[in-house]
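Novice: from the sequence below, what's the structure:
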Amino acid sequence: MTRQHVEGRRKHASHETGALPEQKSTQPPAFNEHLAFFDRDENGKISLTETVHGLERLGFGYLLTVPGTAAIHVSVALLGLVQAKPVSARALELPKTGTVRHPDTRLIDEQGKFDEARLDALFREHGKRFAGEALTMSEIVRMLGATLVSSAQRSLQDALLMPTGIVAVAVEWGALLWVAGQQRDGVPVLEKRAVHAFYTDAHFFDHVAERLAKLRAERASTSLGRARNFVQRWLA
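Specialist: Residues are numbered from 1 along each chain as shown. Below you'll find the model as predicted:
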């Protein structure tokens, strides 16, 4: 996908949603492009069907895409309602959806900038097994639990957002581990560099989708590979 195409998506989304020129997302630019990845028809709205297709392109099987889509749309709508930024669960509008925030690891500051020092600190504090360079699944769970509790203690709004925020955070980090996880010593981990790329690379999802499409095409040359593709279409 070219930079011109990405810019066109953003401008088209602003036109369709009637966003005012001064309205800015509190998410980093890369995150807004991640949302545009799901907007297949580029009409400034992400429908339920488009989210399903987007998750499929990222390697999620059919048995995960439907509940995953429901969790994403409902949690974003509920978070938007609490934050007085109403978003329809049936079609997530761009760029409005990018302004909805959930209590999380605070890797994005109030100006929408990625905090690399915060990322280093989180992995150094919680990534004990691999010396701050990667997190195991149990370390991710402990990290998210600690940061969510800390957020809830800071403000009443974050406390009210906690139930929905737990779902949103679990989906976000679980999906990131799923699509960008690696193996270290036989253990699935999420490396710090993958999280960094997620927050800074505007084409992160496109790269993942292209890699998976290429892998599936290569496997399709054998009967065993086609069988594996079929199973993964449903399960993973």
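
Novice: what strands flank the longest strand belonging to the chain, and is each parallel or antiparallel?
Specialist: Ranked by residue count under DSSP state E, the longest strand found in the chain is strand 187-191. According to DSSP bridges, strand 187-191 forms sheet pairs with strand 134-136 (antiparallel), strand 182-184 (antiparallel).

Novice: report pLDDT for the spatially most central residue of the chain.
Specialist: The centroid of the chain falls nearest to Glu172 when counting by Cα atoms, centre = their mean (4.6 Å). At Glu172, the model reports a pLDDT of 81.

Novice: what's the closest of the strands paired with strand 187-191 to Thr99?
Specialist: For the strands paired with strand 187-191, the distance to Thr99 is smallest for strand 134-136, at 27.8 Å, taking Cβ to Cβ. (C-beta placed from N, C-alpha, C; glycine too.)

Novice: quick check: the gap between Leu35 and Leu64.
Specialist: Distance, Leu35 to Leu64, by Cβ to Cβ, to the nearest Å: 20 Å.

Novice: so for the two, which residue has more residues nearby?
Specialist: Leu35 (21 against 18; other Cβ atoms under 10 Å).

Novice: secondary structure element holding the more buried one?
Specialist: Assigned by DSSP states H and E, Leu35 falls within helix 29-38.

Novice: can you tell me the SS state at the nearest residue to Ala170 once chain neighbours are set aside?
Specialist: With sequence-adjacent residues excluded and distances taken as Cβ to Cβ, 6 or more residues apart in numbering, Ala170 is closest to Leu144, at 7.3 Å. Following DSSP: H, G, I helix; E, B strand; the rest coil, we place Leu144 in the helix state.

Novice: neighbours of Leu144, how many?
Specialist: For Leu144, using other Cβ under 10 Å, the count is 21.

Novice: looking at it, it is touching Ala168, isn't it?
Specialist: No. Leu144 is beyond contact range of Ala168, at 10.6 Å (criterion: Cβ atoms under 8 Å).

Novice: measure the closest residue to Arg226 other than its chain neighbours to Arg233 for me?
Specialist: Leaving aside its sequence neighbours, Arg226 sits nearest to Ala220 (Cβ to Cβ, 6+ apart; 5.4 Å). Relative to Arg233, Ala220 is positioned 12 Å away (Cβ to Cβ).

Novice: among the two, which residue is more densely surrounded?
Specialist: Shown here are Ala220 and Arg233; by other Cβ under 10 Å, Arg233 has more neighbours (15 against 12).

Novice: is it true that that one touches Leu64?
Specialist: No. If you go by Cβ under 8 Å, Arg233 and Leu64 don't touch, sitting 10.9 Å apart.

Novice: now the element after the helix holding Leu35, going C-ward?
Specialist: By DSSP H and E, the next helix or strand past helix 29-38 is strand 45-47.

Novice: next helix or strand past that next one?
Specialist: Next element after strand 45-47 (DSSP H and E): helix 48-57.

Novice: and the helix or strand just after that following helix, how far out from the chain middle?
Specialist: As assigned by DSSP H and E, the chain's next helix or strand after helix 48-57 is helix 62-82. Centroid displacement of helix 62-82 relative to its chain, using Cα atoms, centre = their mean, to the nearest Å, is 12 Å.

Novice: and what of stretch 182-198?
Specialist: For stretch 182-198, the distance to the chain centre is 15 Å (Cα atoms, centre = their mean).

Novice: how long is it end to end?
Specialist: 15 Å (Cα to Cα, to the nearest Å).

Novice: what do you get for stretch 55-67?
Specialist: In stretch 55-67, first residue to last residue: 11 Å (Cα to Cα).

Novice: mean confidence for it?
Specialist: Here the average pLDDT along stretch 55-67 is 90.
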